[in-house]
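> just coords:
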């Protein structure tokens, strides 16, 4: 019989049936003659460059990679050298956007503009603090958490206090502003409002009636443009945290109950600092939710093909609960670059290491049930694609209650990785597989002998 591998089941102390998503593996919907879909190891990361400090995000501007590392704006060149442009001060994760003439960087509540030669801070006191900003229709539009502020059309370093706008559907804090389809979206804690440019001598943007929703994001960087919609982590005033998409004045929830449970393990302050970003790569439409000790990944393209929500997770090294060592994805020089601490990494789908360290993957199965009659597990065979001369091992263990697992049994990774004489079950059983081998896993076959009642 074939056992499903694209997601699994386990239990917790409540007790409750929980879903186990593949870890450091991406579900890929592809009929290849063996199965309707397979698990592909998540991209490896190889060192590309070293910067002057901890990475705080980046952008592709004029065909080059610009990042904030430590307190400096830097240019990461194609030859892997790093040029320091100037200081943007300390602070958390940065926001980036650009106009025809300037690259903008929001750092630590300040706005800096770089014209390719000179880096200058916008010091007009009417600007206020800058939590988030975008460029649209000749304006740099910012928010300080209360107001929507635009710079002058003929001078991006000047602000007229008579041209303030506001997001007033709800007295909640404005956490970020996003631009999409030449419209502005004020993403608040419990609401989202849309604006378009209607001109006039005061604030040039007007609210679009009927385009507001009573759900918002939990943090400044907890929302991004994804699949031509706004994807965000958050919810309404009387909702637990979830993952939603906003478009055309409505929202659709894309998180499963399991993802909501995972988010519930973090408090509001922790979630306020998360980073949500999108990455379109080789047919995968990926949404990354960077949490303090793991990263949840959603693939809407795979979800549409499989007609179910396709989630997985990624993290660093061999520990399941570790921050993912790639954040601030930038597609430039024909490749994907991301930052981690003081290093800039290049994503590489052909390797199974992250900055030289092996990355362990893991997946589980759904429950095997023989109508309460039990069964003997004679054999399990994992059908894989493997690299030549790779002697890495894959281990499997089983659980009869979804909580505790047996001692693992190992087998060398090969096209058909076998395990034999695996004991029996009285009623239910599930399997878990772990390894660091660079493999794609297409199918799990089981040879079982059912027992009498």
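It's in. Every value quoted in this text rests on a predicted model; they were computed, and no experiment measured them. Numbering: from 1, shown residues only.
> can you map out the helices along the stretch 151-300 of the chain?
Per DSSP state H, counting those that start in this stretch, the stretch 151-300 of the chain carries helices over the ranges 257-263, 268-271, 300-306.
> geometric centre of this protein: which residue is closest?
For the chain, residue 288 is the residue whose C-alpha lies nearest the centre (Cα atoms, centre = their mean; 0.6 Å).
> that one and residue 342, how far apart?
Distance of residue 288 to residue 342, computed by Cβ to Cβ, to the nearest Å: 21 Å. Every residue, glycine included, has its C-beta placed from N, CA and C.
> what does residue 390 give?
For residue 390 relative to residue 342 (Cβ to Cβ), the value is 31 Å.
> please apply the same query to residue 4.
Distance from residue 4 to residue 342, by Cβ to Cβ: 42 Å.
> repeat that for residue 311.
31 Å.
> ok, residue 38 next?
36 Å.
> more neighbours: which of these two?
Comparing residue 38 with residue 342 by other Cβ atoms under 10 Å, the one with more neighbours is residue 38, at 24 against 14.
> got the contact list for the nearest residue to that one once chain neighbours are set aside?
Excluding the flanking residues, the one nearest residue 38 by Cβ to Cβ, 6 or more residues apart in numbering is residue 442, at 4.3 Å. Going by Cβ atoms under 8 Å, 6 or more residues apart in numbering, residue 442 touches 32, 34, 35, 38, 39, 383, 384, 385.
> out of those residues, which are buried?
By neighbour count, with 16 or more other Cβ atoms under 10 Å, these hold 35, 38, 39, 383, 384 as buried.
> I'd assumed residue 2 was in contact with the first one.
Spelled out, that is residue 35. Yes - using Cβ atoms under 8 Å, residue 35 is in contact with residue 2, at 7.5 Å.
> quick one: which of the buried ones among the contacts of residue 442 is nearest to residue 224?
Ranked by distance to residue 224 (Cβ to Cβ), these are led by residue 39 at 25.7 Å.
> pLDDT score assigned to the closest one?
Looking at residue 39, its pLDDT is 94.
> which residues touch it?
Residue 39 neighbours (Cβ under 8 Å, 6+ apart): 5, 6, 22, 25, 26, 27, 28, 361, 363, 440, 441, 442.
> please apply the same query to residue 218.
Neighbours of residue 218 in contact, by Cβ under 8 Å, 6+ apart: 189, 232, 233, 234, 235, 241, 268, 271, 272, 274.
> ok, back up a step: right, so of the helices of the stretch 151-300 of the chain, which gets closest to residue 354?
Closest among the helices of the stretch 151-300 of the chain, using Cβ to Cβ: helix 257-263, at 21.4 Å.
> how about the closest one, which residues are buried there?
258, 259, 260, 262, 263.
> read off the pLDDT value for residue 452.
Reported pLDDT for residue 452: 69.
> got it, and residue 402?
What the model reports as pLDDT for residue 402 is 86.
> quick one: it and residue 431 touch, right?
No - using Cβ under 8 Å, residue 402 makes no contact with residue 431, being 11.4 Å away.
> more neighbours: those two, which one.
Taking neighbours as other Cβ under 10 Å, residue 402 and residue 431 compare with residue 431 leading, 26 against 21.
> contacting residues for residue 276?
Counted by Cβ under 8 Å, 6+ apart, residue 276 has contacts 221, 222, 223, 224, 231, 232, 233, 287, 288, 289, 290.
> hey, what's it bridged with?
For residue 276, the beta-bridge partners under DSSP bridges are residue 289.
> distance of it from residue 143?
Going from residue 276 to residue 143 by Cβ to Cβ gives 17 Å.
> since that was my last question, I'll sign off now.
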